[in-house]
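Colleague: What follows is a predicted structure for the sequence shown.
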Amino acid sequence: MNFPMFWQTTRFEIDLTQPRVMGIVNATPDSFSDGGQYASTHAALQHCEALLREGVDILDIGGESTRPGATPLPLMEELARVVPLVREAVKLDVPVSVDTYKPQVMQAVLDLGADIINDIWALRWHSPDPQAPSGPGVVADHPSCGVCLMHMHREPQTMQVAPMEGDVLPQVLSFLKQSALNLQGLGVKSSRIVLDPGIGFGKTVQQNFSLLARQEELLSAGYPLLAGWSRKSSLAALSDASAAPVAPLAGHERMVPSVAAALLAVERGARIVRVHDVRETVQALRVLQALKSAR
C-alpha cells in the first residue's frame, strides 16, 4: 500500500498497520439508527465509556443527523450538543473525532483538544456568515489534527432523491484525490488525511456495492480509507429473490450484515471502519487477523 501506515491526529499517531474501529456516538434525537438514545451529555458520555470497554480505537461524536432527508441543524444547537460532550470525551485517553461540516464547530472542538475532523462535505461547505472561518482554513491552521474527507453527491436533503448515475468509482476517486490535493496545497501533510467513499451518500444500492467490490482501486489515491457501512439502508435492502418477501431490517437489526460489510471492507484495504456495533466488529476483526496470521 502506497500510503502512510499511521494517521497523524492532534494527540495521537494512530497505527494503521492493524485495522481500527471507529465507534459512532450520535448526540442527536433523530439519527436514522440510534437517534435519541444518547441525546444528553451524560448518556452520550456513558456510551463513550461503554465503547471503550468494547475495544473501540476511535470515538466519533456527531451532533447533527445527516441521514437522507435530514434538515440542517442551526449552529448554536449543534454546538450545545457537541461541545460539552467533547470537553469530557477528550479526557478518556482515546482519539476523539467530531463528525461536523460547520467550520465554527470544527474550531470549537479543536480548541478543546479533539483529534480528528470527520466531514461529510470534505470541507466544501460554506457558512452563510461572511465572518465565519472556512473549513479548509480551520484544518490547515491547526498544526496536526487529522481529517477525514468524504464523498457526498448533492446534500443530505436531496442526495437520495436524485442519486449518482453511471460508474461511480472513477467519479468518487477523482473527487477524493482532488479534495486531498487541495488540502495538501494549504500545507496539510498527507499523513493527516484519510478518505471515505461515502457509502449511502447519494448512491444507489448497486453503486454502493460496486464501491465495495472495487474498493481496492480507491487505494490508488494514496491515502488510507475509512469505510462506513454500519446499519446503512443498502444492507437492509438485500434479500434472496427466491425467498418469500420479508420486512426490511430496522436499524438495530442490521448488526450482522454491518459486521460482514466491515470485514469485507477491511479485506479490500480499508484501515478504519466506522461502526455502531463495536464489540461484534472487534471480535470479527480478531478472527480475520487470526486467519491472516495463520497464513
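Modeller: Looks like it came in fine.

Colleague: Can you tell me the SS state at the residue nearest to T204 when sequence neighbours are not counted?
Modeller: Distances taken as C-beta to C-beta, 6 or more residues apart in numbering place P163 nearest to T204, at 5.2 Å, with adjacent residues excluded. For glycine as for every other residue, the C-beta is placed from the backbone atoms N, C-alpha and C. Following DSSP: H, G, I helix; E, B strand; the rest coil, we place P163 in the coil state.

Colleague: Just want the phi and psi numbers for P163.
Modeller: Backbone torsions for P163, taken as degrees, to the nearest 10, come to phi -70, psi 180.

Colleague: Next: L195.
Modeller: L195 adopts backbone torsions of phi -120, psi 150, taken as degrees, to the nearest 10.

Colleague: Next: A270.
Modeller: phi -60, psi 140.

Colleague: which residues does the closest residue to it other than its chain neighbours contact?
Modeller: Leaving aside its sequence neighbours, A270 sits nearest to A227 (C-beta to C-beta, 6+ apart; 4.0 Å). Neighbouring residues of A227 by C-beta atoms under 8 Å, 6 or more residues apart in numbering: 196-197, 199, 212, 215, 261-262, 265-266, 270, 272-274.

Colleague: The lowest-mean-pLDDT helix or strand in the chain: which residues count as buried?
Modeller: The helix or strand of the chain with the poorest confidence is helix 233-236; it has a mean of 88 (mean pLDDT, DSSP states H and E). Across helix 233-236, burial judged by 16 or more other C-beta atoms under 10 Å covers S233, S234, L235, A236.

Colleague: swap in stretch 144-161?
Modeller: Residues of stretch 144-161 classed as buried: 145-153, 155-156, 159-160 (neighbour count, 16+ other C-beta under 10 Å).

Colleague: With only the CA atoms kept, save it in CSV.
Modeller: The C-alpha trace of stretch 144-161 is given here as CSV (Å, rounded to 0.1, in the frame of the first residue of the first chain):
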residue,chain,number,x,y,z
SER,A,144,-1.6,18.4,13.5
CYS,A,145,-5.3,17.5,13.6
GLY,A,146,-6.5,14.5,11.5
VAL,A,147,-9.2,14.9,8.9
CYS,A,148,-11.5,12.5,7.1
LEU,A,149,-12.7,13.7,3.7
MET,A,150,-15.9,12.0,2.5
HIS,A,151,-17.6,11.9,-0.9
MET,A,152,-21.2,13.0,-0.9
HIS,A,153,-23.4,13.6,-4.0
ARG,A,154,-25.6,16.6,-3.6
GLU,A,155,-26.5,17.2,0.1
PRO,A,156,-28.5,15.2,2.7
GLN,A,157,-31.9,16.6,1.7
THR,A,158,-31.6,15.6,-1.9
MET,A,159,-28.8,13.0,-2.2
GLN,A,160,-31.1,10.0,-2.4
VAL,A,161,-33.8,11.8,-4.4
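
Colleague: Thanks a lot, see you next time.
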